[in-house]
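# take a look and give me a structure for this.
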Amino acid sequence: MPVSQAFPVQTKPKHCATTLKSQAGIGLIEILVTVLVLGIGILGVASTQVVSLQMNSQSQSRSQAVLLAEDILDRIRANADNPGAYALAQGNAQGGDNGACDTSFVPANATVAANDIAAWENSLACLLPAAQRTVAVNGNTVTVSIDWDQDDQAMNPVVVRTQI
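Predicted coordinates for the structure are as follows:
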C-alpha cells in the first residue's frame, strides 16, 4: 500500500478558512476595550485623589480656624479682668504693621489686650488669608466667629462660644 493511501493528507475545510478570516483583528479590539476600561478606571482614581486633596485643604483650614478661636479665648481667659477690651466688630484680620501677614511681627501696644489682639490678628492673617473675624463679649460670654474664603467658594464659618 502506498504511503499516500496509508496517511491521507488532511486539508482544511473551506469553512475553517472563512472563520479564521472573520476572526482577524478581534484580539486588537479586545486590547482596545481593555485599554479603554483601564483608562476610565485610572481617571476615576485620579479624580478621587483630587477631591481628597481639596477636602484635606479644607480640613486643615477649619482646624486652623478652631485653633485660632481657642487661642484668643485663652488670651481672654488669661486677662479675665478685662474681657471687654477684646471685643472686635466684624472685619478683616489685620496682620502686622501694614495689615498683611508679618512673620516677624512683635506687638508693642500699651495694654496686654491690645498686644493680644494684634498678635492674634497677625496669626489669623498669616494662617487664613482673607479671613474675617468677630469677637463678641456679652457679660461673661465670649463668642468668636472666624470666616474665611476657601478656593473661591462660599465663606466657611467657625463659631466658638464660651463662658469666662
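
# pLDDT below threshold where in the chain?
Along the chain, the parts satisfying pLDDT under 70 run over 1-25, 94-99, 152.

# which of the three states applies to Phe105?
coil (DSSP: H, G, I helix; E, B strand; the rest coil).

# how near is Asn122 to Thr141?
26 Å (Cβ to Cβ, to the nearest Å). In short, each C-beta sits where N, CA and C put it, glycine included.

# between those two, which is the more surrounded one?
Counted by other Cβ atoms under 10 Å, Asn122 and Thr141 do not tie: Asn122 has more neighbours, with 24 against 12.

# need phi/psi at that one.
Phi and psi for Asn122, reported as degrees, to the nearest 10, are phi -60, psi -40.

# pretty sure it contacts Ala100?
No - in this structure, Asn122 is not within contact of Ala100 by Cβ atoms under 8 Å, at 9.1 Å.

# for the spatially closest residue to Val144 that is not a sequence neighbour, list the residues it contacts.
In this structure, Val144 finds its nearest non-sequential neighbour in Ala69, 4.3 Å apart by Cβ to Cβ, 6 or more residues apart in numbering. Contact analysis of Ala69 by Cβ atoms under 8 Å, 6 or more residues apart in numbering lists Val144, Ile146, Val158, Val159, Val160.

# any idea which of those residues is closest to Ile29?
Ile29 has its nearest neighbour among the contacts of Ala69 in Val158, at 55.3 Å by Cβ to Cβ.
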